[in-house]
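*Asks:* fold the following for me, if possible:
(2 chains)
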Amino acid sequence: MRDVTRPKIDVSRLSKSYVTDRGAVLALRGTDLAIAEGEFVSIVGPSGCGKSTLLYIVGGFLSADGEVLIDGQAVTGPGTDRGVVFQEYALFPWLTVRGNISYGLERQGMATAERMPIVERLIALIGLKGFEDRYPRELSGGMKQRVAIARTLACDPAILLLDEPLGALDAQTREIMQDELLRIWLNTRKTVLMVTHDVTEAVYLSNRICVMSARPGQIVEEFTVDLDRTKTREETFLSDAFNKVRNEVWLSVRRQALAVEQK
Amino acid sequence: MMPRPYFKGWLLRVVPLLLLVGVWAFVSATKLADPAFLPSPLAVLAAFSDLLSGGEIARNLLITLFRAAVGLVLGAVSGVWIGLMMARSQIFRAYVAPIVGGTYSLPKSALIPLFALWFGIGNVTAICAVYLACLLPMIVNTFHGVTATPKVLTWSAEALGTGDREMLSRIYLRHALPDIFTGLRIALGFSFVLAISSEMIASTSGIGKLVFMYGENGTYDYMFGALSCIVIVAFLADRAMLAVTAYCLRWHESAARAETA
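*Replies:* As a prediction, this is how the structure comes out:
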């Protein structure tokens, strides 16, 4: 039986320090974070606050002091239950669009006949029909990130970890991709943890926003976003509810950023 | 007029060569250099066609190519393996890095007399010399390519369920492929140099021995003819290597540059 009260992702007392040439730097200090199944949680905060570090620890790429539980099980390393999308340059450049998307399924040992329909469906989902045999170098930034998202979705992970997934895109492409991400999340209802420096993006996409303090990072404030997701982008952006949360989060992040300046 | 630009590019490459031959013809015709030591282009051409009509040059060329190829293939395979292990294993690197660093800048041809002493005159000595010369650029380039693999690629691969052993073949070696091909091109050049120089020092056969013999006998037109054969074969081998590289790296940024060039 699944315990409904147990969070999907449970981070407790997480601390992480890096050793640099100038001594140890504390990136995270006693961070706690619980994410329920199906939630879309964004972490925002001043640059260098350790928000990506937190995501990498949940992904199992970095070790840290404290505890990260997924469905009550301690994380010991990367796993296919947690799909990751990085900011850029994470596609395998030697594989085509189709090769990248089917990579994870091939590692699972899935037969070609079983794999192909899944891959074709994902290519259609991200609107890249006709580009299946292109290599990443032949794609635009937006197309690359679409492929990166599809590659992650192919393995059908329960959790999506997004590390500034749209950070390298121009403003117009970014908005289109935000709508695609929202649509994918509404259709799949996966548990999502996203790191971003864009407050508007966080409010537009998430259920909940955690604001991190400057290094050593800690979650200092949380905002629940309760927006009607059936509305269009225009309606949402012009609504008072959206702007009220956006302003609150923006002020909170600004306080943290100013605290860095004054140090 | 479509063929024009292509023809122009081709002409630009041939003109400097023709100029060089022109200077050579001028120097030998005006006897600025002793014709006994610098035969005219025509004399070399005659010797060259005479060599081609006989079986000697082909037979010796094949022997040399065999030695170069065996040394190159063995050196490339073990160089890639050592480079990969050095990049991925701290212990392996601790043992091997000082040896690689110490022997990297040693001219491998200096070892030919030693090999001749150990392995005698012939194939083994030549292959050993070629092997060692090819090994080091392969190690160094593979090592560099593997260690330069970005974290986001290895992390992505791990999150997509790539096992430890698969990481080597599916991620690290793939990422190192452009560097491996850079090493291969250097090694290809070295393979000719070492095969031929070891034949000059310690062999009774091969094109290197042939060139050396013609030089000793004072038949310089034939020596130049044999040298021309080496130049042509080495050039063709290099072109073939570039073609294979372009095909294998069609996914790489360098392919985009080649398309626009």
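*Asks:* and chain A, which residues reach chain B?
*Replies:* A:56, A:59-61, A:77-80, A:82-84, A:86, A:89-90, A:92-96, A:103-104, A:107-108, A:135-138, A:151-152, A:155 (C-beta under 8 Å from any C-beta of the partner chain). From N, CA and C alone the C-beta is placed, and that goes for glycine too.
*Asks:* so which of those residues are in strands?
*Replies:* A:82-84 (DSSP state E).
*Asks:* most neighbours, which of these?
*Replies:* In terms of neighbours by other C-beta atoms under 10 Å in any protein chain shown, these top out with A:Val84 at 29 neighbours.
*Asks:* tell me the pLDDT at it?
*Replies:* What the model reports as pLDDT for A:Val84 is 95.
*Asks:* let me know the secondary structure of A:Lys129.
*Replies:* On the three-state scheme (DSSP: H, G, I helix; E, B strand; the rest coil), A:Lys129 is labelled coil.
*Asks:* which element follows the helix or strand containing A:Glu235 toward the C-terminus?
*Replies:* In this structure, A:Glu235 is located in helix A:233-238 according to DSSP states H and E. Heading C-terminal from helix A:233-238, the first helix or strand you meet, by DSSP H and E, is helix A:240-262.
*Asks:* what residues are up against the closest residue to chain A within the stretch 1-150 of chain B?
*Replies:* In the stretch 1-150 of chain B, the residue that lies nearest chain A is B:Pro150 (6.2 Å; C-beta to the nearest C-beta). For B:Pro150, the contacting residues are A:89-90, B:175, by C-beta atoms under 8 Å, 6 or more residues apart in numbering or on different chains.
*Asks:* what of B:Ala176?
*Replies:* Contacts of B:Ala176 by C-beta under 8 Å, 6+ apart are B:83-84, B:141-142, B:144-146, B:148-149.
*Asks:* now do A:Asn243
*Replies:* A:Phe237.
*Asks:* 6 Å instead, please
*Replies:* Contacts for A:Asn243 (C-beta atoms under 6 Å, 6 or more residues apart in numbering or on different chains) come out as none.
*Asks:* one more: A:Ile159?
*Replies:* With C-beta under 6 Å, 6+ apart, A:Ile159 has these contacts: A:82, A:191.
*Asks:* from A:Leu205, how far off is it?
*Replies:* Distance of A:Ile159 to A:Leu205, given as C-beta to C-beta, to the nearest Å: 16 Å.
*Asks:* next: A:Leu160.
*Replies:* A:Leu160 sits 11 Å away from A:Leu205, taking C-beta to C-beta as the criterion.
*Asks:* return the residues of chain B in contact with chain A.
*Replies:* Proximity of chain B to chain A, by C-beta under 6 Å from any C-beta of the partner chain, involves residues B:152, B:155-156, B:158-162, B:174, B:251, B:253, B:256.
*Asks:* change it to 8 Å
*Replies:* Residues of chain B lying near chain A by C-beta under 8 Å from any C-beta: B:150-153, B:155-163, B:166, B:171, B:174-175, B:177, B:250-253, B:255-256.
*Asks:* mind checking which of those land in strands?
*Replies:* Going by DSSP E, the strands hold none of those.
*Asks:* out of those residues, which are buried?
*Replies:* Buried by 16 or more other C-beta atoms under 10 Å in any protein chain shown: B:152-153, B:155-162, B:171, B:174-175, B:177, B:251-252, B:255, out of those.
*Asks:* surely A:Glu221 and A:Met212 touch.
*Replies:* No - taking contacts as C-beta atoms under 8 Å, A:Glu221 lies outside contact range of A:Met212: 9.0 Å.
*Asks:* neighbour count: those two, which is higher?
*Replies:* With neighbours defined as other C-beta under 10 Å, A:Glu221 and A:Met212 compare such that A:Met212 has more, 25 against 18.
*Asks:* sorry, back to before: looking at the contacts of B:Ala176, which is nearest B:Lys108?
*Replies:* Nearest to B:Lys108 among the contacts of B:Ala176, counting by C-beta to C-beta, is B:Asn141 at 16.4 Å.
*Asks:* mean confidence for the helix or strand hosting the closest one?
*Replies:* Secondary structure from DSSP H and E places B:Asn141 in helix B:123-147. Mean pLDDT, helix B:123-147: 95.
*Asks:* please parse chain B into its domains.
*Replies:* B:1-38, B:40-260 (automatic domain parsing).
*Asks:* lowest average pLDDT across these?
*Replies:* Mean pLDDT values for the domains of chain B show the minimum at domain B:1-38, a mean of 79.
*Asks:* tell me which residues in it are buried?
*Replies:* Those would be B:24, B:28, B:38, for domain B:1-38 by 16+ other C-beta under 10 Å.
*Asks:* I'd assumed B:Pro41 was in contact with the first one.
*Replies:* Yes - if you go by C-beta under 8 Å, B:Trp24 and B:Pro41 touch, sitting 5.7 Å apart.
*Asks:* ok, the spatially most distant residue from the centre of chain B - contacts?
*Replies:* In chain B, the residue that sits farthest from the middle, by C-alpha atoms, centre = their mean, is B:Ala159; the gap is 39.8 Å. B:Ala159 is in contact with A:59-60, A:78-80, A:82-84, A:152, counting by C-beta under 8 Å, 6+ apart.
*Asks:* select the longest helix from chain B.
*Replies:* helix B:56-88 (DSSP state H).
*Asks:* and the helix or strand following it, what does it pack against?
*Replies:* Per DSSP H and E, the first helix or strand lying C-terminal to helix B:56-88 is helix B:90-104. Counting contacts by 3 or more C-beta pairs under 8 Å, 6 or more residues apart in numbering or on different chains; DSSP states H and E, helix B:90-104 is packed against helix B:56-88, helix B:123-147.
*Asks:* go again with 6 Å.
*Replies:* helix B:56-88 (3 or more C-beta pairs under 6 Å, 6 or more residues apart in numbering or on different chains; DSSP states H and E).
*Asks:* helix B:90-104 and the helix it packs on, what's the angle between them?
*Replies:* Counting by axes from the mean of the first three to the mean of the last three C-alpha atoms, to 10 degrees, helix B:56-88 lies at 140 degrees to helix B:90-104.
*Asks:* which other helices and strands contact helix B:56-88?
*Replies:* Counting contacts by 3+ C-beta pairs under 6 Å, 6+ apart, helix B:56-88 is packed against helix B:90-104, helix B:123-147, helix B:173-202, helix B:207-217.
*Asks:* these into JSON lines, with extra columns for distance to A:Val192?
*Replies:* Shown next, in JSON lines, are the helices and strands packed on helix B:56-88 (distance: least, C-beta to C-beta, whole Å):
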{"stretch": "helix B:90-104", "distance to A:Val192": "37"}
{"stretch": "helix B:123-147", "distance to A:Val192": "33"}
{"stretch": "helix B:173-202", "distance to A:Val192": "29"}
{"stretch": "helix B:207-217", "distance to A:Val192": "66"}
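*Asks:* not counting its neighbours along the chain, what's nearest A:Arg189?
*Replies:* Distances taken as C-beta to C-beta, 6 or more residues apart in numbering or on different chains put A:Gly38 closest to A:Arg189, at 4.7 Å, once the chain neighbours are dropped.
*Asks:* wait, is the one you found part of a helix?
*Replies:* No - A:Gly38: not assigned to a helix; according to three-state DSSP it is coil.
*Asks:* my guess is it meets A:Val192, correct?
*Replies:* No - using C-beta atoms under 6 Å, A:Gly38 is not in contact with A:Val192, being 9.0 Å away.
*Asks:* look at the two and report which has more neighbours.
*Replies:* Taking other C-beta under 10 Å, A:Gly38 and A:Val192 do not tie; A:Val192 has more neighbours (23 against 14).
*Asks:* ok, the more buried one - contacts?
*Replies:* A:40, A:160.
*Asks:* check the one 4 residues further on too.
*Replies:* Under the criterion of C-beta under 6 Å, 6+ apart, the neighbours of A:Thr196 are A:42, A:164, A:202.
*Asks:* so which helix or strand takes in the nearest residue to the last one once chain neighbours are set aside?
*Replies:* Spatial nearest neighbour of A:Ala202, excluding adjacent residues (C-beta to C-beta, 6+ apart): A:Ser42 at 3.8 Å. In this structure, A:Ser42 is located in strand A:40-44 according to DSSP H and E.
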